[in-house]
Structures are given as C-alpha cells and as structure tokens.
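Asker: mind folding the following:
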Amino acid sequence: MPTRIITKEDQHTFKTAEHFVQPIYLPEEIIDSTLYNTPDDENGSGAILIMEYFQRCELHDLLARINDAASNNWRLPYEQARLEFIPTRILWRLFLCLTKTCVGMAYPPPPEYYGRPPVYREAIIPDLYPEPIIHFDLHPLNVFIDDPVRTWDYIQEHGLGPRFKLGDFSLTQAWDTKLNDEAKIAAANVGKPGYRAPEQLTRDRIVEPYAFGPHTNIWGIGWLMYNALTLYYTDDLDWTPEVCPITLPNGEPYNLNTWAPFLVGNPARVYPHFATYSIELRTLIARCMADRQEDRPSLEELMRIIYTNIREGTDAAVEAQMQFEDERLLDPTKEKLPVDVTAPPPVEDDELLERFWAEYLREPPIKEDPYREFWAEDLINE
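Answerer: Numbering: from 1, shown residues only. Modelled structure (predicted):
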C-alpha cells in the first residue's frame, strides 16, 4: 500500500480536518500573512499563531469546574447542586472525537482536500498505510470544547454534547524510523511529565523498531479518557502499570498490563465511584493505556466499539423513556426519581444530558482577563 510523504507545509496544520483546531487568517490590511501561521521560522512567524477561539475553554477547565462542583455541592440545597460527573453518553462521544484525532493523524487530509469540502471528516483510508505522526502533547489543556450549538443536529456523531478539538501541534512529529538511536532518544524526549507514553520512558523502548505510531496517540487519548472519567489528572512520575484481569470483546479472559489499574481488574482495587461507569467503557480505556502497543486496540476496533456503545446508549434511553411514558398512562402522578448528582445512572436519559449541557456548556465560563494588568486604564474602563 502506498504512503504519503508529510511535508513541512502540511504536517502540523491538518487543514480543514473537523476535530483539529484550525488556524485563522486575517485580511492583509490587518496583518501581513507572512508574519504568522507558517512553519517558516526565518522571519519569526513560527512564534505567532492565530487560531480559532473557544469560549467554552478546554477539557482541563471543564474537569476543574466539575471538581469544584463536587467540592461545594454539600453546602447547597439539592435544587442548586450541579452534576459531579460527566455522563457516560457524553464520555463515549468525547472518546469518538479523540479517536477521530488519532485517525486524522494517521490519515491526514491530502492537500487536494484543503477547502474541498470545507470540513474534512477524518476517516480510515483502507488503501493507505497509517502515517507515524505523533502528537506528543496529548493533555487536557490541548483539547478544546467547541460551541455545542454548532453540532447540536449531528445526533449520531455528537448528540447532546459538544465537539472536542485537538490543538497545540508544536511537538508533533512524523516519526522517522531511519534516525540513529541517539537522535531517536532526543526526539522522543518531549511532552509533559506524567503524560508521556510508555514507549517514551526508557532508552530501550525508544529505539525499538516501530516504537512509535498510531498506537502512541491511542495511549494518549486513553489517558485523556481516564482524566475525564475519574476527574483526576496528575504529573505523578511514580505512576506505574499493573497487571489486571479483564474480559476482551470476544469474551476471552486476559491479563492486561495497564496504566489504568483503578478502572478494571481486582474489584478491591477498582474505586467504587469509577465502577459506576460501564465495564465496556472502563475496559476500553484500560486497553488504550496498555503498557505494550500490541495490547492496545486498533483504530478500526476503537471506532467500532465506540459507535456500538453510542448507539446502545441512545437505544436504552429511548426504551426507558417509552417505558416511563407507558407507566404515566397508568399512573399520571408518577415522576422520575431524583438524579443522583454524584454518579451516573445505569441508563441516562436525554434530560440528564440536557442538564449537563445547561450546567457546564450552555454559557461560556466567566474568566478574569489574565492580561488585565497590562492594559491602559482608559482601555479597561471603556
């Protein structure tokens, strides 16, 4: 199968790709286009990036606000308490968005697609080998939340949640297997502490043949999903993998060496709060975070499992709503049980997703201007 050469001009931009933050170009009368959004560093333009603006901020901010609700709900009456978790149906769609970014890096939009169509929807291309493009900075600060109104009608794709986009490609590389060992070690010595893939952690792993590829990005999005499910993110350098018994999708038992030991395996080791999420979601995250690349799911398997669970979550919600309406016919006074704000229910109706949207996504979070002290007083008071 053929492979496409990634050029300096296109490997870091993923122009028009749906789940990637896009650069913004301003009229020439405002700013010279040669001064920004270009990989050419000769005129300093590599230091200037103008990109989409995301009022809903990034995944890191969302997790912080949910953690803040969990810390403060106890002092509020029930009707004022906010959800202390991300609903499962939203998590599956976040998983889909992140997987689409892995697909986009493995199969980036060819130059002939730039602007045609206006949005390139990432897809696995069977006739091409996947490109070894590694983001190397998959972190909650680099996953941005799009305006949910833009995707509200994409029922199957995004449902009642937003589109999540990947940004910050300053460390992104098309991995060169022809580098000598020392050059490989230097190239892999990037990324935030605590967020480096297992193959980055030792010299022996780095220099292994085909050590880096789509599986490296898959490990990274597994870590992001772990963050989103647990609301926990860390730069703990003492974090280590553990062997956990799991059940594979084909029903076979398997001892998985994973960096997500608190999600699966020995029930005594799984945190009770995490266990309220489905075993399918927790197992898939744990497999993405497998220590060895051969234990991680492929892009094709990821897409298949995620789409299946999105569909099953929607079907379960529809069935539960129909059952409730039938019961209301027999008993007009029947009401739904109050929502437990601390944990996701086994079946999530659309009302729960709408509540999450209203509490965390409908209005942009109010944030202080970090540059306020640098503005002149007459500009601040205007």
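Asker: please give the element, helix or strand, for Gly251.
Answerer: Assigned by DSSP states H and E, Gly251 belongs to no helix or strand.
Asker: which ones are touching Gln321?
Answerer: Neighbour list for Gln321: 349-350 [criterion: CB atoms under 8 Å, 6 or more residues apart in numbering]. Where you see a C-beta, it was placed from the backbone N, CA and C, and this is true even at glycine.
Asker: correction: the previous question concerned Glu157.
Answerer: Neighbour list for Glu157: 93, 96, 151 [criterion: CB under 8 Å, 6+ apart].
Asker: ok, of those, which one's closest to Ala174?
Answerer: Checking these against Ala174 by CB to CB gives Leu96 as the nearest, at 24.7 Å.
Asker: Ile305 is in contact with the closest one, correct?
Answerer: No: checked against CB atoms under 8 Å, the pair Leu96 and Ile305 is beyond contact range at 10.3 Å.
Asker: so between those two, which is more surrounded?
Answerer: The neighbour comparison of Leu96 against Ile305 (other CB atoms under 10 Å) goes to Leu96, with 23 against 20.
Asker: wait, Tyr307 touches Leu96, no?
Answerer: Yes: contact criterion CB under 8 Å: Tyr307 and Leu96 qualify, at 7.4 Å.
Asker: identify the contacts common to these two.
Answerer: By CB under 8 Å, 6+ apart, no residue touches both Tyr307 and Leu96.
Asker: now do the helix of greatest length in the chain: distance to the chain's middle.
Answerer: Using DSSP state H to assign secondary structure, the helix with the most residues in the chain is helix 299-330. Centroid displacement of helix 299-330 relative to its chain, using CA atoms, centre = their mean, to the nearest Å, is 22 Å.
Asker: what helices or strands is the very next helix or strand once past it leaning on?
Answerer: Counting by DSSP H and E, the next helix or strand C-terminal to helix 299-330 is helix 350-356. Judged by 3 or more CB pairs under 8 Å, 6 or more residues apart in numbering; DSSP states H and E, helix 350-356 is in contact with helix 88-106.
Asker: what mean pLDDT does the following helix or strand past the helix it packs on have?
Answerer: Counting by DSSP H and E, the next helix or strand C-terminal to helix 88-106 is strand 133-134. Mean per-residue pLDDT for strand 133-134: 94.
Asker: please apply the same query to stretch 283-303.
Answerer: Stretch 283-303 shows a mean pLDDT of 97.
Asker: for that stretch, which outside residues touch it?
Answerer: The contact list for stretch 283-303 (CB under 8 Å, 6+ apart) reads 95-96, 99, 102-103, 106, 124, 130, 198-199, 213-216, 218-219, 221-223, 225-226, 229, 241, 244, 246-247, 249, 256-261, 263-264, 305-306.
Asker: so the residue most central in space within the chain versus Tyr53, what's the distance?
Answerer: Centroid-nearest residue in the chain, with CA atoms, centre = their mean: Leu98, separated by 4.0 Å. For Leu98, the distance to Tyr53 equals 21 Å [CB to CB, to the nearest Å].
Asker: for Glu301, same thing?
Answerer: Counting by CB to CB, the gap from Glu301 to Tyr53 is 35 Å.
Asker: with His215 instead?
Answerer: Distance from His215 to Tyr53, by CB to CB: 33 Å.
Asker: ok, now Gln80?
Answerer: Separation of Gln80 from Tyr53 (CB to CB): 31 Å.
Asker: repeat that for Pro241.
Answerer: 38 Å.
Asker: so those two - more neighbours on which side?
Answerer: Shown here are Pro241 and Tyr53; by other CB under 10 Å, Pro241 has more neighbours (16 against 8).
Asker: who's in contact with the more buried one?
Answerer: Taking CB under 8 Å, 6+ apart as the test, what Pro241 contacts is 198, 257-259, 261, 289, 291.
Asker: angles on the backbone of it, please.
Answerer: Here is the backbone geometry of Pro241 (degrees, to the nearest 10): phi -80, psi 160.
Asker: tell me how far it lies from Gly222.
Answerer: In terms of CB to CB, Pro241 sits 12 Å off from Gly222.
Asker: need the overlap of contacts for these two.
Answerer: By CB under 8 Å, 6+ apart, the residues touching both Pro241 and Gly222 are 259, 289.
Asker: still on that earlier bit, just the buried members of the contacts of stretch 283-303?
Answerer: By neighbour count, with 16 or more other CB atoms under 10 Å, the contacts of stretch 283-303 hold 95-96, 99, 102-103, 106, 130, 198-199, 213-216, 218-219, 221-223, 225-226, 229, 241, 244, 246, 256, 258-261, 263-264, 305-306 as buried.
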